[in-house]
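Enquirer: return atomic coordinates for the entry below.
(chains A and B)
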There are 2 protein chains.
Amino acid sequence: MRLSWSRSPDAQIMKIAILGTGEVGSHLGSSLVRLGHEVRMGSRDAGNPKAEEWAKGAGPGATHGTFAEAASYGEVVFNCTAGAVSLEALRMAGSENLAGKVLVDVSNPLDFSKGMPPTLTVCNTDSVGEQIQRAFPGSRVVKALNTMRHELMTNPGLVPGEHDAFVCGNDAAAKAEVTRMLKEWFGWESVIDVGDIGGARGLEMVLPLWLRLSQTYGWAPFNFRIVRQRAPVGEGTEARGEASRAQP
Amino acid sequence: MRLSWSRSPDAQIMKIAILGTGEVGSHLGSSLVRLGHEVRMGSRDAGNPKAEEWAKGAGPGATHGTFAEAASYGEVVFNCTAGAVSLEALRMAGSENLAGKVLVDVSNPLDFSKGMPPTLTVCNTDSVGEQIQRAFPGSRVVKALNTMRHELMTNPGLVPGEHDAFVCGNDAAAKAEVTRMLKEWFGWESVIDVGDIGGARGLEMVLPLWLRLSQTYGWAPFNFRIVRQRAPVGEGTEARGEASRAQP
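Expert: The predicted model follows:
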C-alpha cells in the first residue's frame, strides 16, 4: 500500500488521544504515531488486550490506558468508538479531561443488531455529533472523516483525482485546526465545511448510501466528490436564502 | 440557460404522466414536451390552476387532468409529488392505472412543518420509494433524480465534468429503461445502480447533506460524484461480502 503521508521536519509533535480500539482507532492511531505524534489509545479497561497489542505494535510514542487516561493525556481527542456507545465512552473519559479541547468525532451510529443492512441509532432530528456537543459543551466538537473507510482517512491518494473530506462544528477555530490536520498530516486537498454541528446529521445520514456503494464496489476504495459550477463573485450571499428553501 | 437535450429524429415518442404540479413536475414535464413526448400532468383536482397554466405554456403535447387521468394516460409515470403525500396521491391515481408500468419516484420526504432545516417524514428503517413499491406491488418502481435540483435533472451539463445520477429498484428491466431515458433524453453519462428499492433509503437520506451544501453554495448548481479506483477484474465478487460488513 502506498502511503501518502510523511513527517515534515518542522511538524509540531502533539499528544493525541484515540478513544476506541477498533479498525478506525487502530488505523488512525498507528498513522499518527508514524507521523511522530505521541498517541494514547483509550478503552473501557486499562488492560484491554487490543489496546495492549496496538501499543506494542504501533511503535515508539504509542501508549494505552483507560478512556480517562487517554483523554487527559491528549491535546486533541479523536472519538473512534462506535456511535451507539460514544456518549458512554466520553462520559467515562470525563468532561474535565475533554474541556477546551478539540474533540474530533469520527463515529457513525450504525446499529448492526437487527441484521443487515445496519440502521442508524440516531438520525433525522439529531446526530451523534450533536449529542456529544450538547453533553460536553466545554469541548470543541468537530465531526470529520466519518464518510469514508479508515484507510482513506489518512491516505486520500488511495482514490484517484479530486474528492472531498467534510467537517462541521460550532467552533470555527476548531474546524480550522482539524482542516489543517487533515491537509498537513494526511494530505487532504479538499475539506468542505458544512456548517455548525447540526451538519453531523447530514454527514452521518450518508452512511446508508455509502454502505450500498460499498456493496456495489467491494473493496475498491471510493469517496464522495461534490462537483459544482463556481458562482460568479457576489452571487453567493443573495442566493443563500433562496437555496435554503429549495427542494430538489 | 444552455439546454443540453435535443430531440433525436428517431426517438420514440411516449405518453408520459407527471404527478405533481410543483417545480420538479413542471420542469420535468416541460422538458419532456420539448423532447416531443406527450405529457399529462396530474393533480388532485382536474381544474388545478397550476396544471392548467402549465399545460397552456408547455406547448403542443401538454395536457392535464386528475392523478387518475394522468396515470391511466402515461406509459411511464413520474411521481413528482412531495414525498410526505406521495402515497395518497398514488392511491388517487389508482393501482389499476399504475399496474405494470415503470413508476419513477423523484420524491423526497421533506417535512418543512417544524421549520428549517426540514427533517424527513420517513427514513432509516424505510423510505418513500419502498413505501410506494409495497403499496403498489404491480408497479415497477425506480427511485431516480431525487438527489439534485430540478434544473440539473434534465441538463447535467449545468455542472461541469463528471458527476452521477443514481437509480435503484427491484425490477432490473425497469431500471435499465429509466437509465436509458436519463442518458438518451437528458444526456446523463453516469447512472449508478445502487441495488434494490431499499437503496431509496440511502438516496433520500442524503437530503440533509444536500441541503447543507445548498446553503453553502447558494444557487450554484452542484452534484455528487462517486470517485473510485476501479478494482482489478475478478476482485469484485470476492470483496463484496467483506465490504458489506465494513464500517467506515
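
Enquirer: could you report the neighbour count for residue A:153?
Expert: Residues near residue A:153, counting by other Cβ atoms under 10 Å in any protein chain shown, number 23. All C-beta atoms are positioned from the backbone trio N, CA, C, and that covers glycine.

Enquirer: how many residues are close by the residue nearest to it when sequence neighbours are not counted?
Expert: Excluding the flanking residues, the one nearest residue A:153 by Cβ to Cβ, 6 or more residues apart in numbering or on different chains is residue A:145, at 4.6 Å. By other Cβ under 10 Å, 27 other residues sit near residue A:145.

Enquirer: please apply the same query to the one 4 residues further on.
Expert: For residue A:149, the tally of surrounding residues (other Cβ under 10 Å) stands at 21.

Enquirer: same deal with residue A:213?
Expert: Counted with other Cβ under 10 Å, the neighbours of residue A:213 add up to 23.

Enquirer: OK, contacts around the most centrally placed residue in chain A?
Expert: In chain A, the residue lying closest to the centroid (Cα atoms, centre = their mean) is residue A:106, at 2.7 Å. Neighbouring residues of residue A:106 by Cβ atoms under 8 Å, 6 or more residues apart in numbering or on different chains: A:24, A:28, A:78, A:79, A:80, A:144, A:145, A:146, A:153.

Enquirer: try it again with 10 Å
Expert: If you count contacts by Cβ atoms under 10 Å, 6 or more residues apart in numbering or on different chains, residue A:106 has them with A:18-20, A:24-25, A:28, A:78-81, A:83, A:86, A:142-148, A:150, A:153, B:248.

Enquirer: separation between residue A:218 and residue B:229?
Expert: Residue A:218 sits at a distance of 11 Å from residue B:229 (criterion: Cβ to Cβ, to the nearest Å).

Enquirer: same thing with residue A:75?
Expert: Note on residue A:75: its distance to residue B:229, by Cβ to Cβ, is 34 Å.

Enquirer: which of the two has more residues huddled nearby?
Expert: A count of neighbours by other Cβ under 10 Å puts residue B:229 above the other of residue A:75 and residue B:229, at 16 against 13.

Enquirer: the more buried one and residue A:217 touch, don't they?
Expert: Yes. With contact defined as Cβ atoms under 10 Å, residue B:229 reaches residue A:217; the gap is 9.2 Å.

Enquirer: output the contacting helices and strands for the lengthiest helix in chain A.
Expert: For chain A, the longest helix by residue count, based on DSSP state H, is helix A:172-186. Counting contacts by 3 or more Cβ pairs under 10 Å, 6 or more residues apart in numbering or on different chains; DSSP states H and E, the secondary-structure elements packed against helix A:172-186 are helix A:23-34, strand A:76-79, strand A:102-105, strand A:140-144, helix A:150-153, strand A:165-169, strand A:191-193.

Enquirer: quick check, pLDDT for residue A:117.
Expert: Here, the pLDDT recorded for residue A:117 equals 89.

Enquirer: distance of it relative to chain B?
Expert: Computed with Cβ to the nearest Cβ, to the nearest Å, the distance linking residue A:117 and chain B is 7 Å.

Enquirer: for the residue nearest to that residue when sequence neighbours are not counted, give me the pLDDT.
Expert: Spatially, and ignoring its direct neighbours in sequence, residue A:117 is nearest to residue A:211 (5.6 Å; Cβ to Cβ, 6+ apart). Note on residue A:211: pLDDT of 96.

Enquirer: name the next helix or strand downstream of the host helix or strand of residue A:211, please.
Expert: Under the criterion DSSP states H and E, the helix or strand holding residue A:211 is helix A:207-217. If you walk from helix A:207-217 toward the C-terminus, the next helix or strand you reach (DSSP H and E) is strand A:222-228.

Enquirer: who does that next one touch, helix- and strand-wise?
Expert: Under the contact definition 3+ Cβ pairs under 10 Å, 6+ apart, strand A:222-228 sits against strand A:165-169, strand A:191-193, helix A:207-217, helix B:207-217, strand B:222-228.

Enquirer: next one: the last one to chain centre, how far?
Expert: Think strand B:222-228. Taking Cα atoms, centre = their mean, to the nearest Å, one finds the center of strand B:222-228 at 18 Å from the center of the full chain.

Enquirer: so which bits of that strand are buried?
Expert: Within strand B:222-228, the residues that count as buried by 16 or more other Cβ atoms under 10 Å in any protein chain shown are B:222, B:223, B:224, B:225, B:226, B:227, B:228.

Enquirer: my read is that the fifth one contacts residue A:221, right?
Expert: When you say that, I think you mean residue B:226. No. In terms of Cβ under 10 Å, residue B:226 does not count as a neighbour of residue A:221; the distance is 11.1 Å.

Enquirer: okay, and the common contacts of these two?
Expert: Common neighbours of residue B:226 and residue A:221 (criterion: Cβ under 10 Å, 6+ apart): A:159, A:163.

Enquirer: contacting residues for the closest residue to residue A:201 other than its chain neighbours?
Expert: Of all residues not flanking residue A:201 in the chain, residue A:127 sits nearest, at 4.3 Å (Cβ to Cβ, 6+ apart). Shown in contact with residue A:127 (Cβ under 10 Å, 6+ apart): A:83, A:105, A:107-109, A:120, A:133, A:143, A:168, A:197-205, B:208.

Enquirer: take the residues you listed and keep only those in strands.
Expert: Secondary structure defined by DSSP state E assigns A:105, A:120, A:143, A:168 of the contacts of residue A:127 to strands.

Enquirer: OK, contacts around the last one?
Expert: Residue A:168 makes contact with A:105, A:127, A:129-130, A:141-144, A:175, A:192-203, B:209, B:212, according to Cβ under 10 Å, 6+ apart.

Enquirer: the same query, at a cut-off of 7 Å, please.
Expert: With contacts defined as Cβ atoms under 7 Å, 6 or more residues apart in numbering or on different chains, residue A:168 is in contact with A:143, A:193, A:194, A:195, A:196, A:197, A:199, A:200, A:203.

Enquirer: returning to what we had before: return the subset of the contacts of residue A:127 lying in helices.
Expert: Secondary structure assignment (DSSP H) places A:133, A:199, A:200, A:201, A:202, A:203, A:204, A:205, B:208 from the contacts of residue A:127 within helices.

Enquirer: and the second one, how many residues sit next to it?
Expert: Taking other Cβ under 10 Å as the neighbour definition, residue A:199 ends up with a count of 28.

Enquirer: what bridges to the closest residue in space to it that isn't next to it in sequence?
Expert: When the adjacent residues along the chain are set aside, residue A:199 lies closest to residue A:168, with 3.2 Å between them (Cβ to Cβ, 6+ apart). On the basis of DSSP bridges, residue A:168 is bridged to residue A:143.

Enquirer: cool, and residue A:18?
Expert: The partner list for residue A:18 in beta bridges (DSSP bridges) reads residue A:41, residue A:78.

Enquirer: if you rank every helix and strand of chain A by mean pLDDT, what lands last?
Expert: For chain A, the helix or strand with the lowest mean confidence is helix A:235-245, at a mean of 34 (criterion: mean pLDDT, DSSP states H and E).

Enquirer: make a markdown table out of the helices and strands packed on helix A:172-186 and add mean pLDDT.
Expert: A markdown table is the format used below for the helices and strands packed on helix A:172-186 (pLDDT from 0 to 100):
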| stretch | mean pLDDT |
| --- | --- |
| helix A:23-34 | 98 |
| strand A:76-79 | 98 |
| strand A:102-105 | 99 |
| strand A:140-144 | 99 |
| helix A:150-153 | 97 |
| strand A:165-169 | 98 |
| strand A:191-193 | 98 |
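
Enquirer: tabulate those (CSV), appending distance to residue B:67.
Expert: Listed next are these as CSV, based on distance: least, Cβ to Cβ, whole Å:
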stretch, distance to residue B:67
helix A:23-34, 48
strand A:76-79, 48
strand A:102-105, 45
strand A:140-144, 41
helix A:150-153, 46
strand A:165-169, 39
strand A:191-193, 40
